[in-house]
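# no FASTA, just this:
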């Protein structure tokens with residue numbers, strides 16, 4: 001997939017406007033061309049996968065999902081995505097304030113590609129852009 005002109009299509013499942021802003025900034029700091037689709041709850045994210053499977057929407061290049069979102073949590077979103085015929089192989093970054101080994105283990109068991117703990121400093125959060133770029137390279141998504 002060549003997204004050099006349109007940018008990497010990111011689906012972000014996050015209910016905090018401040019964290020949505022930080023994700024946008026991290027992509028800009030990395031210089032990563034991107035298109036950001038935001039679902040502020042798990043049910044809306046699952047609807048995106050349903051639309052993709054129906055052929056009415058294109059799949060994201062990368063899913064970024066917070067574990068603690070309303071209506072369906074991040075683990076449920078990840079599980080549904082992995083069962084999708086058209087989204088099942090999309091790289092996933094779990095973004096969470098949890099540093100629980102059980103949360104990490106469960107996320108990886110469900111197919112997460114990376115687990116990014118929300119840091120307390122802005123500089124550390126900006127490293128998320130590099131993680132997204134690395135996943136795009138591994139998935140052979142052209143970013144520039």
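It's in. Treat the numbers as computed from the prediction; the structure is a model and nothing was measured.

# so which helix or strand takes in the residue nearest to residue 128 when sequence neighbours are not counted?
Spatial nearest neighbour of residue 128, chain neighbours left out: residue 26 (4.1 Å); criterion: CB to CB, 6 or more residues apart in numbering. All C-beta atoms are positioned from the backbone trio N, CA, C, and that covers glycine. Assigned by DSSP states H and E, residue 26 belongs to helix 17-30.

# sketch out the low-pLDDT regions of this structure for me.
Where the chain drops to pLDDT under 70, the residues are 1-5, 139-144.

# cutoff 90 now
Residues of the chain meeting the criterion pLDDT under 90: 1-7, 32, 98-99, 118-120, 134-144.

# which residues in it form strands?
Secondary structure of the chain (DSSP state E): strands at 8-13, 34-39, 62-66, 92-96, 114-117.

# so can I have JSON lines of those showing distance to residue 85?
Formatted as JSON lines, these follow (distance: least, CB to CB, whole Å):
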{"stretch": "strand 8-13", "distance to residue 85": "17"}
{"stretch": "strand 34-39", "distance to residue 85": "20"}
{"stretch": "strand 62-66", "distance to residue 85": "15"}
{"stretch": "strand 92-96", "distance to residue 85": "16"}
{"stretch": "strand 114-117", "distance to residue 85": "23"}
